[in-house]
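Q: have a look at this fold, sequence not included:
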């Protein structure tokens, strides 16, 4: 089955930065068959996108969630979020997080929500079986230096490499974390990462706000990825990450929304805009361009996740793409639709395709009732009031 999406400004995010004004994308069997402009290929079905901007926004179609709270007796938590993602139609990289350093041992989390090291490792190994290689991936993800013992960090890395899984944790989010690491481990957070065997290409870390020049050089030399979370960092007053310096050092940088405790909207397109603005606030008007910011949310995110099959609209890549209308007042008269889209964002996506399947149509999810989800969410939220 082939589908032609036509009459759009196609931003391929390929290595050459190719864009097609008045372009088209041919999708076949869940993959991008071809993309271009001019003469259109034949297809079983065709959709006129009316001049919309089309981008391979991997973070909208592939979701990573760092779930690390597994209270004693609670079961099925990871399975529940995987089930929700599959019902909606998005891909998910689900992290089996862990915490084994409670308050009584000098850690941050209450003792009542931490696991033993053996429990965490056993549950993580069991979670690996939830991956299907296409829509669901599993990542090994001890929470942070504040909440995980050195032993669990080391053994988690060993387990992940035995199972062929990637590793994730929080790192250098606050100045307090560096003070904590120096006091407890007599080193900086990045030096601690090196000590426990985490400076490697199969690792990516969230935040990385407080880094020295040597830290950045180490991350680049060892090909460690970084998930930049600008909205969360600003909301919490944690600081502004040195994204331009990280990119110049060859570090793979993607974007994250963090969690609802520090980001009520969780909108990846907003993070694209925020990353552009905070980079310029820190380093001046040439620190980051609109297209570089957009790349963080597409190719950058895919690279951080170790995925070369998403993040760009090129032949043979998965047909995961987002479509935004360009006929709104905010883009009226815009000469550069791509830059205009970034600077005037965020925007509600008009259509979203995962593997060529439409999961958002006319700005609404196809496979669920958003109003019912919000209603149930309010009911559950009241339990914590």
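A: That came in fine, so what should we check first? None of these values were measured; they are calculated from a predicted model.
Q: what's the following helix or strand after the helix or strand bottoming out on mean pLDDT in the chain?
A: The least trusted helix or strand in the chain, going by mean pLDDT, DSSP states H and E, turns out to be helix 58-61, with a mean of 69. Past helix 58-61, further along toward the C-terminus, the next helix or strand under DSSP states H and E is strand 62-67.
Q: check the offset of that next one from the chain's centre.
A: Mean-position distance between strand 62-67 and its chain equals 7 Å (C-alpha atoms, centre = their mean, to the nearest Å).
Q: I'd like to know which elements that strand is packed against.
A: helix 77-88, strand 91-98, strand 166-171 (3 or more C-beta pairs under 8 Å, 6 or more residues apart in numbering; DSSP states H and E). Glycine gets a C-beta too; all of them are placed from N, C-alpha and C.
Q: to residue 304, which of these lies closest?
A: strand 166-171 (9.2 Å; C-beta to C-beta).
Q: mean confidence (pLDDT) on the closest one, please.
A: Here strand 166-171 scores 98 as its mean pLDDT.
Q: list the pairing partners of that strand within its sheet, with orientation.
A: strand 136-142 (parallel), strand 203-207 (parallel) (DSSP bridges).
Q: I'd assumed residue 127 was in contact with residue 165.
A: No: in this structure residue 165 lies outside contact range of residue 127 using C-beta atoms under 8 Å: 9.4 Å.
Q: between these two, what contacts are shared?
A: Residues within reach of residue 165 and of residue 127 at once, by C-beta atoms under 8 Å, 6 or more residues apart in numbering, are residue 138.
Q: more neighbours, the two?
A: residue 165 (24 against 21; other C-beta atoms under 10 Å).
Q: what's the first helix or strand after whichever strand or helix holds residue 271?
A: Using DSSP H and E, the element containing residue 271 is helix 268-283. Per DSSP H and E, the first helix or strand lying C-terminal to helix 268-283 is helix 290-295.
Q: neighbouring contacts of the very next helix or strand once past that next one?
A: Downstream of helix 290-295, the next assigned helix or strand under DSSP H and E is helix 301-304. For helix 301-304, the external contacting residues (C-beta under 8 Å, 6+ apart) are 58-59, 62, 204, 225-227, 252-255, 308, 310-312.
Q: ok, back up a step: make JSON lines out of the strands paired with strand 166-171 and add distance to residue 348 and mean neighbour count.
A: Shown next, in JSON lines, are those (distance: least, C-beta to C-beta, whole Å; neighbours: other C-beta atoms under 10 Å):
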{"stretch": "strand 136-142", "distance to residue 348": "26", "mean neighbour count": "25"}
{"stretch": "strand 203-207", "distance to residue 348": "26", "mean neighbour count": "26"}
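Q: would you mind giving those as a markdown table with mean pLDDT and distance to residue 340 added?
A: Putting these into a markdown table (pLDDT from 0 to 100; distance: least, C-beta to C-beta, whole Å) gives the following:
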| stretch | mean pLDDT | distance to residue 340 |
| --- | --- | --- |
| strand 136-142 | 98 | 34 |
| strand 203-207 | 98 | 30 |
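Q: possible to save those as TSV with distance to residue 81?
A: Compiled in TSV, the strands paired with strand 166-171 are given as follows (distance: least, C-beta to C-beta, whole Å):
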stretch	distance to residue 81
strand 136-142	10
strand 203-207	17
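Q: what's the closest of those to residue 77?
A: Across these (criterion: C-beta to C-beta), the nearest stretch is strand 136-142, sitting at 13.3 Å.
Q: low-confidence ranges in the stretch 51-200 of the chain?
A: 57-59 (pLDDT under 70).
Q: can you give me how far the helix holding residue 271 is from the chain middle?
A: Its chain's C-alpha centre and that of helix 268-283 lie 15 Å apart, by C-alpha atoms, centre = their mean.
Q: OK, contacts around residue 230?
A: Residue 230 touches 240-241, 255, 271, 274-275, 277-278, counting by C-beta under 8 Å, 6+ apart.
Q: redo those as JSON lines? Include neighbour count and pLDDT.
A: Below are these laid out as JSON lines (neighbours: other C-beta atoms under 10 Å; pLDDT from 0 to 100):
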{"residue": "240", "neighbour count": "15", "pLDDT": "97"}
{"residue": "241", "neighbour count": "26", "pLDDT": "98"}
{"residue": "255", "neighbour count": "29", "pLDDT": "97"}
{"residue": "271", "neighbour count": "30", "pLDDT": "96"}
{"residue": "274", "neighbour count": "24", "pLDDT": "98"}
{"residue": "275", "neighbour count": "27", "pLDDT": "98"}
{"residue": "277", "neighbour count": "15", "pLDDT": "98"}
{"residue": "278", "neighbour count": "22", "pLDDT": "98"}
